[in-house]
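Undergrad: Return a 3D structure for these sequence lines:
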Amino acid sequence: MKFLFPTFLFALLAVAIPILIHLFSFKRYKTVYFSNVNFLKDIKKESKKKSRLKQLLILLARILTIVFLVFAFAQPYIPANRDAKKQASQLVAVYIDNSFSMNALSEQGQLLEVARNKALEICLAYPAGTKFRLYTNDLKPKHQHIYNKEQFIQEVSEVQVSPTVVPLSLIYNRFSNFNSDETKNTDKNLYFISDFQRSVTDIDNFSDETVFSYYLPLVPNEVANLYIDSCWVEVPAHRLGQEETIFVRIKNSSNQNYQNLPLKLYLNDSIKSITNFSVDAQNEMIANLKYNNNSDGMQLGKVEITDYPFTHDNNWYISYFVEKNLNALAIFTNNTDSKEGLEYISALFANDDYVQLDEMNVQSLQVNRLNEYNTIFLIDLENFPSGFLNELEKVVGNGTSIVLFPGINNNPEFNNNLLSVFNASRTNGIDSTTQKISGIDFENKFFQDVFRKREENPILPAIPRHLRFENNIRNDENKLLTFQNGDKALSQLNYNDGKVWIFSFPLDKRNETFARDILFVPTLYNIVLNSLPKQDISFIVSENSFFDLPVNLNVDLNSSLEIENPKTGELFIPSKSISNRKTRLVFGDQINNDGHFLIKNNGNSIASMAFNYNRLESDLRYFGGNELTDKLELAQFKNATVVENVERSFAEIFDDIQNGKQYWKWCILLALFFILCEVALSRFWK
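TA: Next up is the predicted model:
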C-alpha cells in the first residue's frame, strides 16, 4: 500500500492526545462518609473493573478515529501495477475478441456487443491526444495504423464476428514489438476484452514484460455445446466403386449425456448414410459412416448433427474427386525379355474400361507426357533417354506411381541409379537359387479383400533367380511379398506424394509361373488402384490459404481461374504460381465462410475444396478472473492487471488503473464509525 500525500502521516502524532487524557484524569473525587463500608467495598471493586474496560474502549475508539482521519488525508492506495511509473504520453491498444464464442449471451447482453461498448468506454476515458490501436481476430492490415479518438470509435463500430481464431500471445507479441517514431517515449497499454477461452489464452507465450496489460474477462451464461471436432477417411485416395469409410470425432462439452442422436452424411445434395451415436458428458467419441462411390467426378459431402445454440460447428464439409478411369503407361525396350513382360501387362488391361494402358518404347518416349499417367511400368529397361530420371522423380513426387520390373542381366549400377533417386535399397547381387514366394503381408491394406481366406501353406510361384538388396533402415520400405529365404519379392516405398513399387525379379518367360499365378492379377491391379494420389478432403478457414491443382487436370493457364462459392454465387480470382508443372492457387484470406468452393477454368468446374471453421472456438471452457491472476503471477508479469467487476463503469475502472485502488473514502467511513462507537460508549454504558 502507498500514500498519495505521505507527509500527512506526521499527524499520527496526535494519537498522543487521547492517550494523555486517559493517563491523567483531572476529575476531583469527593469523600462521602458511610457507617458500614463492607458492602460498598464489593460494589467499588466491580464498578472499578467496568469503568476501566469502558475507558480503554473509548481510548481505542479515539485512537482509531484519529488514525483513519489522518489516513483519509494521506489518501492510501494500492497501485494497479507494481511498476506504477507512467510516461506523460501513452499508446493504448484494445483487443476485441470477435470470435464465434463471443456470440454467447451474458447478463449484459451479447458478449461481442458488450466488448464493443467497453472498448468505446476505454477510448472516452483517456484524454484528448491519446493514440490508439485496434486488434481483432481478423488481423486486418488497416488495424496496423494508429488512430485518434474519432477514427478509433469508427473502427470499433465496424467490428463483426469472425471465424478466425488467434492465440492471445499473437496479439500481445505483435503489440509489444510495434515501434514507430510516433510511439517513442510512450507507455504501451494493452486491454484484452475477451471471454478468455482456455484454448487460446496462452499467457506463457507472451514475450515481453514492458507492456502494461489489462484483462477484462466477460462471463457468458452457462451453455452446452455438442460439436463435430474433425473428420477423416480411411483411405486418402478415391476410386470408382470403392467403399468409403468416413470417421467423425464428436465432442460433448456439456454436463449431460446424449443417447442415440442421428449423424447424417449428405453427398451431392442427397443423403448417403446415416447412423446413431451416444456420447457422455465432457467426453468424446468416434463414429463412422460407410458408403460406396457410385459416380465419378467431384463429390461434395457434408456430415451433420443437430445442436443449439452454437450451430457453426454442427457441420463438417468434405470434398474429393473420383477418377472416371486411371491412366497407366508401360515403358519397354527392344530386347526380348522386355517385350515378353509387356505382353503379360497388356493382356491384363486389354479389355479394362477403367484402366487405360498406353505403351511406349523407350527409344521414342515423350518425357513431357509422364505426368499424364497415374502408374508407369518400367519393364526390363537397359538405358534411359536424357533427362528421364529427373522427370521421373518430379512426376513421382507429384503423385504418380512407378512399378519396376528390373532387368536381372543389366549392369548393377544401372538399376541402382534408378533406385538411389528414390532412396530405395540398392541391389548387392543375384540369388541364382530357385525360391518360392512364401510370405504375403496379409495385414497390409494393399491385400485387403484380395483373399477370401488365408491358407497356411498356399502353393505360390517359384522364381529361378532374383536380385538381392541391401538393408536400408533409413527408408520406410514395406515388404509385401517375400521369398522362403526372407528376401523381398515385392516392396513398396513412399516418395513425397507418389509411390515406388519394386519387384526383385524381371517379368519374362522364365518367370511365367508368376505371370500365370492367381497372385499376378490382384497384385498388379491393386498397384494401379493404389496409385491414385491422396487428396485432402477438407481445409480450415483462415488456416489454409492455397490449393495445389492435381497434376492430371487439363487446365488452360491462358484463361482465368476463378473460385466460386455455389451457395452465395460469389466469385473471386486467386493468384497462381507454377513450379515443377504444379499449379498453386493462392487465395489468402478471401475465403471467410465454411462450405464448398468450386475452382473454375473457362467457366467449367475442374476441382473443388471444402472449408470448415476452426473448432478451437467450440471448446467452451474459460479462465475466470482468479485463474487469470494466478497464470499472470506464475508467468511473473509485473505490469499485468485483471480487472474485477468489469460490468461497472469504465470511468471507475480507469481511475483504479491510473491511480490504483484508493481507500480514502473507506478511511472516512471508518473514522465516522469509531466516533459513533465513542459516543455510544459514553452515553449508553453506565
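
Undergrad: what are the ranges of the helices in the stretch 101-250 of the chain?
TA: 111-125, 149-157, 168-176 (DSSP state H, counting those that start in this stretch).

Undergrad: Please dump those into CSV; it should also carry mean neighbour count for every row.
TA: C-beta here means a position set from N, CA and C on the backbone, and glycine is covered the same way. Listed next are those as CSV, based on neighbours: other CB atoms under 10 Å:
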stretch, mean neighbour count
helix 111-125, 20
helix 149-157, 16
helix 168-176, 19
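
Undergrad: closest to residue 318 out of these?
TA: With respect to residue 318, and counting by CB to CB, the nearest of those is helix 168-176 at 29.1 Å.

Undergrad: what does that closest one rub up against?
TA: 93, 95, 133, 135, 139, 188, 190, 192, 194, 196, 200-203, 205-208, 210-211, 213 (CB atoms under 8 Å, 6 or more residues apart in numbering).

Undergrad: what about 6 Å?
TA: Here helix 168-176 makes contact (CB atoms under 6 Å, 6 or more residues apart in numbering) with 93, 95, 135, 190, 200, 201, 202, 205, 206, 207, 208, 211.

Undergrad: Determine how far it lies from the middle of the whole chain.
TA: 17 Å (CA atoms, centre = their mean, to the nearest Å).

Undergrad: Stretch 670-683 now?
TA: Distance, centroid of stretch 670-683 to centroid of chain: 62 Å (CA atoms, centre = their mean).

Undergrad: Could you measure from residue 255 over to residue 620?
TA: For residue 255, the distance to residue 620 equals 11 Å [CB to CB, to the nearest Å].

Undergrad: give me the low-pLDDT residue ranges for the stretch 351-500 of the chain?
TA: Residues of the stretch 351-500 of the chain meeting the criterion pLDDT under 70: 449-457, 473-474.

Undergrad: Tell me where it has helices.
TA: Using DSSP H, counting those that start in this stretch, helices in the stretch 351-500 of the chain cover 388-397, 412-421.

Undergrad: Identify whichever of those helices lies nearest to residue 629.
TA: helix 388-397 (52.4 Å).

Undergrad: what does the closest one contact?
TA: Residues contacting helix 388-397 (CB under 6 Å, 6+ apart): 367, 370, 371, 402, 421, 495, 496, 498, 580.

Undergrad: Neighbours of the second one, how many?
TA: Using other CB atoms under 10 Å, residue 370 has 22 other residues around it.

Undergrad: Could you find the closest non-adjacent residue to it?
TA: residue 395 (4.7 Å; CB to CB, 6 or more residues apart in numbering).

Undergrad: For the host helix or strand of residue 265, name the packing helices and strands.
TA: Using DSSP states H and E, residue 265 sits within strand 258-267. Here strand 258-267 touches strand 270-279, strand 297-304, going by 3 or more CB pairs under 6 Å, 6 or more residues apart in numbering; DSSP states H and E.

Undergrad: now, of these, which is deepest in the fold?
TA: Of all those, strand 297-304 has the most neighbours on average by mean count of other CB atoms under 10 Å, namely a mean of 20.

Undergrad: Would you mind writing the CA trace of that one as CSV?
TA: What follows is strand 297-304, C-alpha atoms only, in CSV (Å, rounded to 0.1, in the frame of the first residue of the first chain):
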residue,chain,number,x,y,z
GLY,A,297,-16.2,-36.6,-60.8
MET,A,298,-16.4,-34.1,-57.9
GLN,A,299,-18.0,-35.4,-54.7
LEU,A,300,-19.4,-32.7,-52.4
GLY,A,301,-20.3,-34.0,-49.0
LYS,A,302,-21.4,-32.8,-45.6
VAL,A,303,-21.6,-34.6,-42.2
GLU,A,304,-24.3,-33.1,-40.0
